[in-house]
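Engineer: After the sequence you'll find the predicted model.
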Amino acid sequence: MTVSSATLYFNRYRLNQESLSLQLQSCSQVSGENALFLAEQLHSSFTKKGQKQYCAFASDSPVLALIEAKSDVQEIADTVASRMLEGLTAETLPAETILVVAHYHHLATDYLLTTLLGVKESVQLSEAISPQRSQSLDIANISLAVQVDLSELSINPDSARSIGYIKGRVGRKIGDFMAEAFAIEEKLNAKEATEQLVESVESFIDVSSQDEETKKAVRDISVNSMKAAAQSGEFMQVKDLAEEIEEKTGLTGFYEHAAEAEDFTEACPVYASATKSMQKFFGQGGGISISFGRELLGDKIEFNAHTQTLTFKKIPPNLLDALKKATKTTD
């Protein structure tokens with residue numbers, strides 16, 4: 001277990017007719033082995049989420065003031081609970097209504113993670129092997145969370161990476177009530193930063209090699225490194241990527257090339273899905289959706305820029321079968 005100490009605080013948002021309230025006047029506290037286990041699960045689930053924004057506290061943040069004053073975490077948790085309640089309405093109350101504020105030590109770092117979790121139904125077996133209905137926290141589907149790196153914040157108060165924020169799934173009309181409760185401001189957009197790094201990789205390939213195998217190797221190295229960074233929750237170190245590209249392909253100068261970008265940053269937060277363009281060509285519109293691996297272009301798929309058409313020399317078996325059935329074609 002990588003979490004060495006943890007204390008968690010719980011509360012619930014409830015809707016009574018058109019009025020919202022907190023179930024408890026003060027968050028309930030959990031410590032010991034249960035807290036260690038839950039903190040480990042929460043940290044792991046949060047880390048694996050690739051769609052984060054990276055933020056910093058506004059100078060007038062009440063939560064920052066409490067942290068700087070070294071206030072008891074119970075007070076911080078109760079303040080967060082109340083401030084989030086102020087930003088919610090009956091219309092914007094998300095399905096996740098269990099508030100969890102976790103203060104824990106992971107490896108060499110101190111964290112404060114706040115999230116709203118849903119509850120899922122499940123069935124457990126008693127010692128007598130009798131099935132019993134139960135409820136559990138839906139930690140795996142964490143989608144509303146703020147993680148404050150207290151260690152980073154203490155060393156560098158102006159850090160652009162001290163706060164990671166998941167604001168919810170696309171299309172959820174819940175506003176930014178969590179960001180407002182903490183009074184945090186976006187500093188790094190992970191998706192834009194990743195897209196910039198991908199562009200740097202592609203432009204470096206264009207000017208550095210004409211060999212298709214080498215191009216593929218650089219893309220594979222970059223994708224694997226970015227995925228590893230996203231999985232671990234670490235920022236992508238551009239210098240480390242440049243060294244790996246040089247070591248495995250012999251191509252030099254990637255770091256200097258990437259540094260020419262206007263918004264270059266030494267360490268890049270990784271938005272995992274933004275690496276997709278290095279692996280596949282994809283697009284949709286007009287009732288058509290197409291996706292295929294880059295390595296197929298020029299091999300099993302030909303593109304005619306003049307006529308703006310694609311020619312497929314090989315069709316996936318299930319698609320071929322469906323087309324034959326639709327057109328009543330036989331071999």
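Structural biologist: That came through, no problem.
Engineer: Could you tell me which residues within the longest helix along the chain count as buried?
Structural biologist: Longest helix in the chain, counting residues (DSSP state H): helix 212-232. Residues of helix 212-232 classed as buried by neighbour count (16 or more other CB atoms under 10 Å): 214-215, 217-219, 221-223, 225-226, 229-230. All C-beta spots, glycine's among them, are computed from the backbone N, C-alpha and C.
Engineer: now do stretch 152-163
Structural biologist: 152-153, 160-163.
Engineer: wait, which of those is closest to Q41?
Structural biologist: Closest approach to Q41 among these (CB to CB): I163, at 20.7 Å.
Engineer: tell me the SS of the nearest residue to that closest one once chain neighbours are set aside?
Structural biologist: With sequence-adjacent residues excluded and distances taken as CB to CB, 6 or more residues apart in numbering, I163 is closest to C55, at 4.2 Å. Per DSSP: H, G, I helix; E, B strand; the rest coil, the secondary structure class of C55 is strand.
Engineer: show me the contacts for C55.
Structural biologist: The neighbours of C55, taking CB atoms under 8 Å, 6 or more residues apart in numbering as the test, are 162-165, 179, 184-187.
Engineer: Counting neighbours, which of those comes out on top?
Structural biologist: Greatest neighbour count in the contacts of C55, by other CB atoms under 10 Å, goes to I163: 26 neighbours.
Engineer: Now do the contacts for that one.
Structural biologist: Going by CB under 8 Å, 6+ apart, I163 touches 54-57, 146-149, 182, 184.
Engineer: count of residues packed around the residue nearest to F312 when sequence neighbours are not counted?
Structural biologist: Once flanking residues are discounted, F312 sits nearest to I301: 5.6 Å by CB to CB, 6+ apart. The number of residues packed near I301 is 17, by other CB under 10 Å.
Engineer: Please name the bridge partners of I301.
Structural biologist: Here I301 sits in beta bridges with L297, F312, going by DSSP bridges.
Engineer: Could I get the buried residue list for the host helix or strand of N11?
Structural biologist: Assessed by DSSP states H and E, N11 sits inside strand 3-16. Of all the residues in strand 3-16, those buried under the rule 16+ other CB under 10 Å are 3, 6-13.
Engineer: Can you pull the domain assignment for the chain?
Structural biologist: Listed domain ranges for the chain are 3-182, 191-277, 280-327 (source: automatic domain parsing).
Engineer: gap between the two ends of the first one?
Structural biologist: Translated: domain 3-182. Taking CA to CA, to the nearest Å, domain 3-182 runs 24 Å from one end to the other.
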